[in-house]
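> I would like the atomic coordinates for the input below:
(chains A and B)
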There are 2 protein chains.
Amino acid sequence: MKGTTLYGPRDVRFEDRPEPKIIEPTDAILRIAATCVCGSDLWPYRGIDAPKEPVPMGHEYCGIVEEVGSEVKHVKPGQFVVGSFFASDNTCPICQDGYQSRCVDARPMGNEGAQAPYLRVPLADGTLVATPEMPSNDLVPSLLAASDVLGTGWFAADAAAVAPGKTVVVVGDGAVGLLGVLSTKQMGAERIIVMSRHADRQKLALEFGATDIVTERGDEGVARIKDMTDGLGAHSVIEAVGTQESMMQSIRSTRPGGHIGFVGVSHGVELPGRELFFAEVHLLGGPAPVRRYLPNLIDLIWNEQINPGKVFDLTLPLDQVAEGYRAMDERRAIKTLLMP
Amino acid sequence: MKGTTLYGPRDVRFEDRPEPKIIEPTDAILRIAATCVCGSDLWPYRGIDAPKEPVPMGHEYCGIVEEVGSEVKHVKPGQFVVGSFFASDNTCPICQDGYQSRCVDARPMGNEGAQAPYLRVPLADGTLVATPEMPSNDLVPSLLAASDVLGTGWFAADAAAVAPGKTVVVVGDGAVGLLGVLSTKQMGAERIIVMSRHADRQKLALEFGATDIVTERGDEGVARIKDMTDGLGAHSVIEAVGTQESMMQSIRSTRPGGHIGFVGVSHGVELPGRELFFAEVHLLGGPAPVRRYLPNLIDLIWNEQINPGKVFDLTLPLDQVAEGYRAMDERRAIKTLLMP
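Below you'll find the model as predicted:
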């Protein structure tokens, strides 16, 4: 088969590689129904944390189970399944606490390379969640979103303790930030302020439930948030970028006692201890434990209560994956859906 | 009257200054029953963040109300009261959320200088909590402890989400760390591991409920904690030092999904964003909102369920305050009680 490989900065190729096989008895092989390009794929694509040798790309996936290993008990060939971007056993104490992305046996799915027609999923019983039946085509983008970008936005909102009556700020208008808005709306927040400068993203944010748009950034952005919250700051802030500026903007936009959920993969961030001490905010972030939320998210999608698939504003055949990266890199697309 | 003033590194003087008066109609004047030296007083005493001009010292206090301003409604002359090291109105949205040390009108009591026979307390109705009756002398040290060091240890345990069945690590064996142990025990933790190298402090930690002592620090200390927790790390960690080493030791000793309560005033701390991201721990710290806990803490002390006053292992007349600082600086005392 052909799969996606990153060779170096802005050098993505769709090229021959062996079809994945069952290696461990807990593996499953999926035929991918849809995959996509993640905002975090753009970091190495742009040469930041670039790999030293060519690496397979892609960690978001849903599809049909082709084959399972001898120890797989719950996942069956023919099922349509969604999995997280980290495989996990879902039985260790960390998984049982709901932090499956930090499972004692966690396996990053990026190593397998989901931007391909077939995918090996380790720890299949712990990782994959089946849909009630075979989904209609129009549900597939949303089910794919649950695999990472929706699950990450949902975790950010949960980590930020979003709840009815609260004022929430979302820093970052990428796909994760936008689905943070959708998640925040689902959790009943009263006011949802999105910090965004892009008209197309503002539009989708409003559609997902944002009540206010703030275009200022940095200190000016913080001042605007303070103005809008009686000088106090927001109850909850979702950080969905991962830079020093966005982290400090998040901390400074949160009221004392408030909560920050940070899910932008940190790049060059150093948090000043003294300021964090006197900010007195709750901080929780990291790779989202998507597996914890998958049953609920699949249910919401299946019942058409949410439509997170709207973040995909470009759909391409999988063999045009390189153009999918380019479109996101150049901000011509929020997120690229890839169809094998 | 005479009061305590810091002139420069290791230069504490007990010298004449005007007796405090009612300035604002929301003030109260207390006759101090007992005061003490805080671990945080040692930072400027040692020349770190040293004041540029002589400053009054002391922010821990309990005593009898002498006089109240015209707008004080709940606090009455003759009552025995305990207050927090931050005065707060206890009515603003931040106070109502339980973060009184970050009240929109918070006033650091250090500015008033509690190491003195009389003290002005701003925002008296919001700040002071009266005991049921006049306490016996043997309760006074514990009531004084509630003003800061116990309240801070309690907040740290609360911020670290200490609960029955959990394994808790306490980093720092100063008075706050030791009362973090006491608080953790009260909250029903199963296992309480104290990181300490001082025999006298280890003894008190065990008396307060510690189940294990770890003498290693840094990476070795972290390795010991991992060994003791099936490789996972603790559920809850109390950080009660405020240095880079103690913060990193705390983060690395916590399991993914676990909680850190950090109350050591940060000095030179920079938290690496990437490590914090992948640690996936809850982080909350800052100046303890002691006012939130005071009613409960006074109740526990009044009913002799806890005896936090044991952290005072040196009692001096107030006019020997300079020796009180020296004894703590030289680690001859855990904490010095000062009697006017």
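> tell me the pLDDT at A:D89?
Predicted confidence (pLDDT) for A:D89: 98.
> mind splitting chain A into its structural domains?
A:2-148+A:289-339, A:151-285 (automatic domain parsing).
> which one, of the ones you listed, ends up nearest to chain B?
Among those, domain A:151-285 comes nearest to chain B, with 2.5 Å by CB to the nearest CB. Using the backbone N, CA and C atoms, a C-beta is placed for each residue, glycine as well.
> gap between the two ends of that closest one?
13 Å (CA to CA, to the nearest Å).
> distance from that domain to the middle of the chain?
A distance of 16 Å separates the centroid of the chain from that of domain A:151-285, by CA atoms, centre = their mean, to the nearest Å.
> does chain B sit close to that domain?
Yes. Using CB under 8 Å from any CB of the partner chain, we find that domain A:151-285 touches chain B at A:230-232, A:242, A:244, A:247, A:255-257, A:262, A:265-274, A:276-285.
> ok, stretch A:293-308 next?
No. Against chain B, stretch A:293-308 shows no contacts by CB under 8 Å from any CB, the least distance being 14.1 Å.
> roughly how far is that stretch from the heart of the chain?
For stretch A:293-308, the distance to the chain centre is 15 Å (CA atoms, centre = their mean).
> show me how to select, in ChimeraX, the buried members of the residues of domain A:151-285 next to chain B.
Per 16 or more other CB atoms under 10 Å in any protein chain shown, the buried members of the residues of domain A:151-285 next to chain B correspond to this ChimeraX selection:
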select /A:232,242,247,255,256,257,262,265,266,269,271,273,276,277,278,279,280,281,282,283,284,285
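> okay, now the unreliable bits of the stretch 101-250 of chain A?
Applying pLDDT under 70 to the stretch 101-250 of chain A flags no residue at all.
> the strands in it, which residues?
With strands called from DSSP state E, counting those that start in this stretch, the stretch 101-250 of chain A shows them at A:107-108, A:118-121, A:128-130, A:167-171, A:191-195, A:212-214, A:234-239.
> in TSV: those, plus distance to A:G221.
TSV is the format used below for those (distance: least, CB to CB, whole Å):
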stretch	distance to A:G221
strand A:107-108	33
strand A:118-121	40
strand A:128-130	37
strand A:167-171	8
strand A:191-195	6
strand A:212-214	6
strand A:234-239	11
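> distance of the residue nearest the centre of chain A from A:I192?
Nearest to the geometric centre of chain A sits A:V149, at 2.5 Å (CA atoms, centre = their mean). Distance, A:V149 to A:I192, by CB to CB, to the nearest Å: 18 Å.
> ok, A:N307 next?
17 Å.
> so what's A:L284 up against?
With contacts defined as CB atoms under 8 Å, 6 or more residues apart in numbering or on different chains, A:L284 is in contact with A:159, A:259-262, B:280-283.
> now, those residues that are in strands?
A:259-262, B:282-283 (DSSP state E).
> residue with max distance from the center of chain A?
A:D230 (32.1 Å).
> now the helices for the stretch 51-200 of chain A?
A:93-96, A:124-127, A:140-146, A:149-159, A:175-186, A:199-208 (DSSP state H, counting those that start in this stretch).
> would you reformat the ones you listed as TSV and include distance to B:V214?
Shown next, in TSV, are the helices of the stretch 51-200 of chain A (distance: least, CB to CB, whole Å):
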stretch	distance to B:V214
helix A:93-96	21
helix A:124-127	33
helix A:140-146	42
helix A:149-159	30
helix A:175-186	39
helix A:199-208	48
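> quick check: which of those helices is nearest to A:I29?
helix A:124-127 (9.1 Å; CB to CB).
> what's that closest one in contact with?
By CB under 8 Å, 6+ apart, helix A:124-127 touches A:26-28, A:65, A:68-69, A:72-75, A:83-84, A:86-91, A:95, A:100, A:103, A:121, A:291.
> which of these count as buried?
A:26-28, A:65, A:68-69, A:72, A:75, A:83-84, A:86-90, A:95, A:100, A:103, A:121, A:291.
> for the nearest residue to A:T131 once chain neighbours are set aside, name its beta-bridge partners.
Nearest residue to A:T131, sequence neighbours excluded (CB to CB, 6 or more residues apart in numbering or on different chains): A:F80, at 4.7 Å. Beta bridges link A:F80 to A:I64, judged by DSSP bridges.
> isn't A:F80 up against A:M134?
Yes. If you go by CB atoms under 8 Å, A:F80 and A:M134 touch, sitting 5.4 Å apart.
> neighbour-wise, which of those two wins?
For A:F80 versus A:M134, neighbours defined as other CB atoms under 10 Å in any protein chain shown are more numerous around A:F80 (21 against 11).
> what sits against that one?
Taking CB under 8 Å, 6+ apart as the test, what A:F80 contacts is A:33, A:62-64, A:130-131, A:133-135, A:143.
> do the same with A:S40
With CB under 8 Å, 6+ apart, A:S40 has these contacts: A:V265.
> if we go to 10 Å?
A:49, A:59, A:85, A:110, A:148-149, A:152, A:174, A:176, A:242, A:263-265, A:287 (CB atoms under 10 Å, 6 or more residues apart in numbering or on different chains).
> which among those end up buried?
So, of the contacts of A:S40, A:59, A:85, A:110, A:148-149, A:152, A:174, A:176, A:242, A:263-265, A:287 end up buried under the neighbour-count rule (16+ other CB under 10 Å).
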